[in-house]
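Chemist: For reference, the sequence and a predicted model appear below.
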Amino acid sequence: MEKHYNTKWLSSLYRGLLLSVSLLLVSGMAMAQLDGTYTINSASATSGTNFKSFTDLASALKSNGVKGAVTVNVVASSGPYSETVMFEPASGASATNTITINGNGETITTTSSTDVIELYGADYMTFKNLKINAAGTGNSTKCVLMRNNADYNTFDGCEMIVSRYRGTSNTTAYVAFSGSRTSVRSTGNHGSHNTFKNNKMWNGTTGYTYGPYYGIAEYYNYATGNNTFDNNDMSSVYYYWMYNYYSSGYKITNNDFHNQRNGANYAYVTYCYYGNSRSVANQIQVNNNEYRNMTCNYVYGMYSYRCQGTSSQPFQMSGNKCYNNDAGYYCYGPRPYYATNFESNNNEVYNNSADYYVYGMYPYFGSNGIVDGNAVHDNTAGYGVYGYYVYYMEGVFSNNTYFNNAGDYYCYALLGGYTRGSLDIVHNTFVLDHDVDYYSYAIYAYMRNAFTNINVKNNIIVMSGKAGYYNYPVYSPFNYKDMNFENNDFYVTSSSTNYWYTNSQNTTLTAFNTSVGSNSNIEVDPKFKNLTGGDITPTNPVIANYGQPGYADIDLQRNNKNQMWSRFGRI
């Protein structure tokens, strides 16, 4: 009888050996550092130079690291990718050994209420042309989360979409720098030298039903900072577009901020709170942005509080445009509030409306500041249009304009007082040509405190509008003799009662000159080129070079709105 030996053990041995060899081979491939070009393609397995998902790529970067520059191309039409992904540090990543993910317009998305992409300490990563759709409906919905010292990363030309969230939780954002996945307001070393540029941040539709509480939030970032947000288009935000809270050195430049989410009562667009409070070595810039088409009760376009600079690297809030906003109560333009060592130059606030007040510029308690070349024009308000609110300000206020503004009750071109240090109010043009029910003030200077030095020189004041009570070309009942009112042009043609209020209600320019101890203030028609059209270049040669010398270093720098600034003034 033939014997049959049991060979099952042998077959098992062979299979085990083959499996071990296979695992060793795969393990050997997995242990190779990444270098060169790869793909993400959901239609193919993770092997060789392809990754089936973003998560597989993140796992390989974490496990293997990189030994050279890595480029990962998401294959066109291979998405959408339904996942959330955390990128952790990849050993070997550097300024040379960068990791670039080209999205090719493909989408990574999740319906979970969490972040879609998290950079948890990951460095030197770049995401290009990728759609990041946070489709969660609950708290913590975010497109991108930066935390645990995520440094030198870039999101360029991406779409960040919050497509289904319509709540009001402050745990939601397009981008959050935060120490927690479930909160935006969590302290930590979130990351430095990151760049978000050329991105579109919106809800993915033409309406404004959906969107996050924050646009970009950088909360208590203990890291060096120096994060840059440039040339982004951001809309459909419920409360804060840019929320930079106790952070340093950030740059918010060339962005288009517009259209709040439906139901919002507040629009804090660039909210900069205690900037550089731990270090002023890095300059903060909020420059060349547009703030437009907000329709809610309170529009705070550029709000900053106690942002610090140095004499060589001042805090900057310059070159911005705030326009076409409609506020139920208040609308504010640039607001360098309690700023130190600051510049707020060449901003334009125009075509805004508010049921109560429009504030053009608000450098309240600003110290060592330059407010130069700004324009506040063609705004309307139920109560008043306050052009420049400069209480307690110290520095230089020069070459600014106020014209074609309409307040029902009041118009104030310059509203200030209580300065204790030095302030130059020079080379400004204020035109008050709208009829109001109560008062118009061109220069309201309530300087009740003792001060070091104040100069009010070389300004052009034109007042033709009627006031129900009084027009005040100047209202300055305290210390007016020490304020150097010199070489100003007061062209007052209003048929209303007009007062230069100093020691009393002076009804003539001659009486005002006597009260301030100067005979250099004149009353000449500047003959603007086209006031209605917004060209307030004076053409009257009588005032050419009439102004007091000593400010040429300021005014000869300017060529703003077709105005050539000569020593007076403008010719």
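Modeler: Great, that's in hand.
Chemist: count of neighbours near Asn288?
Modeler: Neighbour count for Asn288, taken as other CB atoms under 10 Å: 18. C-betas here are computed from N, CA, C, even on glycine.
Chemist: what sits against it?
Modeler: Asn288 makes contact with Thr253, Asn254, Ser318, Gly319, Asn320, according to CB atoms under 8 Å, 6 or more residues apart in numbering.
Chemist: Need phi/psi at it.
Modeler: phi 60, psi 30 (degrees, to the nearest 10).
Chemist: Show the low-confidence segments of the stretch 151-300 of the chain, by residue range.
Modeler: Applying pLDDT under 70 to the stretch 151-300 of the chain flags residues 280.
Chemist: residue ranges with poor pLDDT in this structure?
Modeler: In the chain, residues with pLDDT under 70: 1-31, 280, 550-571.
Chemist: gap between the most centrally placed residue in it and Trp241?
Modeler: The centre of the chain sits closest to Thr270, judged by CA atoms, centre = their mean, with a distance of 4.0 Å. Counting by CB to CB, to the nearest Å, the gap from Thr270 to Trp241 is 7 Å.
Chemist: Which neighbours do these two have in common?
Modeler: Phe257.
Chemist: Excluding covalently adjacent residues, which one is nearest to the residue nearest to the centre of the chain?
Modeler: Met242 (4.5 Å; CB to CB, 6 or more residues apart in numbering).
Chemist: Check Ala511 too.
Modeler: Trp500 is the one closest to Ala511 (CB to CB, 6+ apart), at 7.1 Å.
Chemist: show me the contacts for the residue lying closest to Tyr410 once chain neighbours are set aside.
Modeler: Nearest residue to Tyr410 in three dimensions, chain neighbours excluded: Gly384, at 3.3 Å (CB to CB, 6+ apart). Listed by CB under 8 Å, 6+ apart, the contact set of Gly384 reads Tyr357, Val358, Gly407, Asp408, Tyr409, Tyr410, Cys411, Tyr412, Val436.
Chemist: out of these, who's nearest Asn293?
Modeler: Nearest to Asn293 among the contacts of Gly384, counting by CB to CB, is Val358 at 15.4 Å.
Chemist: Name the SS class of that closest one, please.
Modeler: Three-state assignment for Val358 (DSSP: H, G, I helix; E, B strand; the rest coil): strand.
Chemist: List the contacts of it.
Modeler: With CB under 8 Å, 6+ apart, Val358 has these contacts: 327, 330-331, 349, 352, 379-381, 384-386, 405, 407.
Chemist: How about Ser304?
Modeler: Thr270, Tyr271, Cys272, Tyr273, Gly275, Val286, Phe315, Met317, Arg335, Pro336, Tyr337, Ala339.
Chemist: Kindly report the same for Asn521.
Modeler: Here Asn521 is in contact with Phe485, Glu486, Asn487, Asn488, Asp489, Phe490, Leu509, Phe512, Asn513 (CB under 8 Å, 6+ apart).
Chemist: hey, what's the fifth one bridged with?
Modeler: The residues listed as beta-bridge partners of Asp489 by DSSP bridges are Ile460, Ile522.
Chemist: Is it correct that it is in contact with Ile461?
Modeler: Yes. Between Asp489 and Ile461 there is a contact under CB atoms under 8 Å: 6.8 Å.
Chemist: re the thing from before, closest one to Asp525 out of the contacts of Asn521, please.
Modeler: The closest of the contacts of Asn521, once distances to Asp525 are taken by CB to CB, is Asp489, at 9.0 Å.
Chemist: Neighbouring strands - and their directions - for whichever strand or helix holds Phe155?
Modeler: Assessed by DSSP states H and E, Phe155 sits inside strand 154-156. Strand 154-156 pairs in its sheet with strand 125-128 (parallel), strand 195-197 (parallel), by DSSP bridges.
Chemist: Quick check: which element contains Ile454?
Modeler: strand 453-457.
Chemist: Same check on Ile443?
Modeler: Going by DSSP H and E, Ile443 is in strand 439-446.
Chemist: repeat for Arg166
Modeler: Per DSSP H and E, there is no helix or strand for Arg166.
Chemist: picking that back up, now render the contacts of Asn288 as JSON lines, adding distance to Asn231 and neighbour count.
Modeler: Output for those, formatted as JSON lines (distance: CB to CB, whole Å; neighbours: other CB atoms under 10 Å):
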{"residue": "Thr253", "distance to Asn231": "8", "neighbour count": "19"}
{"residue": "Asn254", "distance to Asn231": "5", "neighbour count": "16"}
{"residue": "Ser318", "distance to Asn231": "16", "neighbour count": "22"}
{"residue": "Gly319", "distance to Asn231": "14", "neighbour count": "18"}
{"residue": "Asn320", "distance to Asn231": "14", "neighbour count": "28"}
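Chemist: Before I go, just wanted to say thanks for your time.
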